[in-house]
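S.K.: using only what follows, build the 3D model:
(chains A and B)
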Amino acid sequence: MEDYREILASKVQELLESKVQQAKVFAPIARLEDYINDFETYSPDEEELAEEQGELSITAGASSLRELPLVPAEERVPVAAVDSSVAILGESNVGVFAAFRCAIVYNDGRLPQRFEYIAHITEASRDAYTKLRSLLSPSALHKMRSPTCSLDRLVYRFMNVIERLAQRYACTQVKNGVVLWDGALTRTKETGTDVFRESIELATKHGNSIVAVSKKTRLRLRTGEKLTTMLEGKDKAFAVEVESLLPDNIKRDLMGKVYVVKFTGDGFPFRVDVAPKEGDCLLPLRRLISSVSFIHGYPEPLAEAHMQAYFTRSEIVALQAYVKDRYSLREIDSFDVRIHVLGPFGVRP
Amino acid sequence: MTLVYNPGKEKVEVGDNIVILDRGDGRGVLVQVIQISVPELPGMLLEIVRREASAKTPETYGPQEISDYKRAVEGTKYAIARIMMEVKKVGNELVFEKWRGYVPSRNADYKHISPSEVIGALRKRRFEVNKQ
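M.R.: Predicted coordinates:
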């Protein structure tokens, strides 16, 4: 069995540094607020999916939704939560410098864990990406081709692989518990069935269920109303099973059961995908409620994992200085043609 | 004038006299530090909140040297100083004159000046003014 801790602690950085093209100059990003930190706020795959599928309309009206009450289970189970983030540090003459960080948080008193990486993403990195991706699915290595996307997008592909590896690691770190992921269990071009299947198998092997919570969802009623908004006012904990109400072309991409869940009476509802270790999907949700606290209805360990993974702006400044020294680069000003051709109307206030 | 510095590498105290000499044109200013503070770096508050909110320091895996850079950014201070005189470099000597509004560029060298040197320069200038 793969040692995911070893992979995250050393193999990933090793691969990120293999065959690196030497840069001469470094242009740190001019506006620090421009960098995207939370991977969920910008995922090229999610954007492609949204473009292709549009809104996810369920074939039912508000009256036909069944609210399944969520009563806390009478047991406390171990929980591990995973989140990750990426920060673009700047551009070189041959690529992009980026920092990645993933965090795993536990509810059993263990210290949170953070894995940090700095990478110079260049044309030569495509091979490293393929090797990194093969760690998630060694059997599919022969079918893998180097990604053809732009270098800007390649950064996010690296981020995705690193997050998937951290999720695998978390699946092995608790037993008979719940592993919390950020996002949905939806198959995409980048994260195929093989990756999800192996992660779910790994979690099941350790007696764990996967609960993936999305802060953003495209689920709508056929009237066009957003499902999460419609359920906001109800003051009790419940789950609404929506998978059976989704169109078939959407269903085939789902790797777990889809619900809209209100974990607490006074919290917000979220789209939640569940891959249970056994048949009952509500039991992992009930166990989760009895094992962790919630912030506005959002599982606290996931919020803490996000906090641990987040790059603050002062960290970005430090990482930019590190990159300049580490790679012996000459600093230049970043160039944005918008500012030159559009003047004061080309930049955000 | 604001001087940004790394307290780990440079020592600055209120009352210090510093010559800031532009590397390009050998001209500069003599300033006296009147206040020391910490800059409002963006994200610094979040960093402190994160540290306070976490009951435990996380186990971190990654390039070890990064923490030195983070410490340097977090430790950055700035000194507010008032301009006292203009300075010109003549050979290896510093010549102090009345300040006429000149400000050196950021590409400058910094040199601490002892109070006796400053007093000497002020006396010399007063003597020259009286002579005129």
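S.K.: where in chain B is pLDDT low?
M.R.: Scanning chain B with the threshold set as pLDDT under 70 gives B:129, B:132.
S.K.: could I get the lengthiest strand in it in PDB with only the CA atoms?
M.R.: Counting residues, the longest strand found in chain B (DSSP state E) is strand B:77-90. What follows is strand B:77-90 as a C-alpha-only set of coordinates in PDB (Å, rounded to 0.1, in the frame of the first residue of the first chain):
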ATOM      1  CA  LYS B  77       9.800  47.700  11.400                       C
ATOM      2  CA  TYR B  78       9.800  51.300  10.200                       C
ATOM      3  CA  ALA B  79      11.400  54.400  11.500                       C
ATOM      4  CA  ILE B  80      10.100  57.900  11.000                       C
ATOM      5  CA  ALA B  81      12.900  60.400  10.700                       C
ATOM      6  CA  ARG B  82      13.100  64.100  10.100                       C
ATOM      7  CA  ILE B  83      15.500  65.600   7.600                       C
ATOM      8  CA  MET B  84      18.200  67.700   9.300                       C
ATOM      9  CA  MET B  85      20.700  68.600   6.600                       C
ATOM     10  CA  GLU B  86      21.700  67.800   3.100                       C
ATOM     11  CA  VAL B  87      24.900  65.700   2.600                       C
ATOM     12  CA  LYS B  88      27.300  65.600  -0.300                       C
ATOM     13  CA  LYS B  89      30.100  63.100  -0.700                       C
ATOM     14  CA  VAL B  90      33.300  64.900  -1.700                       C
END
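S.K.: so how far is it from its chain's centroid?
M.R.: Computed by CA atoms, centre = their mean, to the nearest Å, the chain-centroid distance of strand B:77-90 equals 9 Å.
S.K.: can you list the strands that it pairs with?
M.R.: The strands beside strand B:77-90 in its sheet (DSSP bridges) come out as strand B:2-5 (antiparallel), strand B:27-37 (antiparallel), strand B:93-97 (antiparallel).
S.K.: deepest of those strands, which one?
M.R.: Across the strands paired with strand B:77-90, averaging neighbours per residue (mean count of other CB atoms under 10 Å in any protein chain shown) puts strand B:27-37 on top, at a mean of 18. Where C-beta positions appear, they are placed from N, C-alpha and C, glycine not excepted.
S.K.: tell me which residues touch residue A:258, please.
M.R.: A:184, A:219, A:241-243, A:246, A:271-273 (CB atoms under 8 Å, 6 or more residues apart in numbering or on different chains).
S.K.: which of these has the most neighbours?
M.R.: Among the contacts of residue A:258, residue A:272 has the most neighbours (other CB atoms under 10 Å in any protein chain shown), with 29 neighbours.
S.K.: residues in contact with the longest strand of chain B?
M.R.: Outside strand B:77-90, the residues touching it (CB under 8 Å, 6+ apart) are B:1-7, B:12, B:16-19, B:21, B:26-39, B:94-100, B:102, B:118, B:121-122, B:125.
S.K.: which residue is the nearest non-sequential neighbour of residue B:16?
M.R.: Distance criterion CB to CB, 6 or more residues apart in numbering or on different chains; nearest residue to residue B:16, sequence neighbours excluded, is residue B:33 at 4.6 Å.
S.K.: the one you found contacts residue B:11, correct?
M.R.: No: Residue B:33 sits out of contact with residue B:11 when judged by CB atoms under 8 Å, with a separation of 11.0 Å.
S.K.: phi and psi next, for the residue of chain B positioned farthest from its centre.
M.R.: Distance from the C-alpha centroid of chain B peaks at residue B:55, with 36.8 Å (CA atoms, centre = their mean). Note on residue B:55: backbone dihedrals following degrees, to the nearest 10 are phi -70, psi -30.
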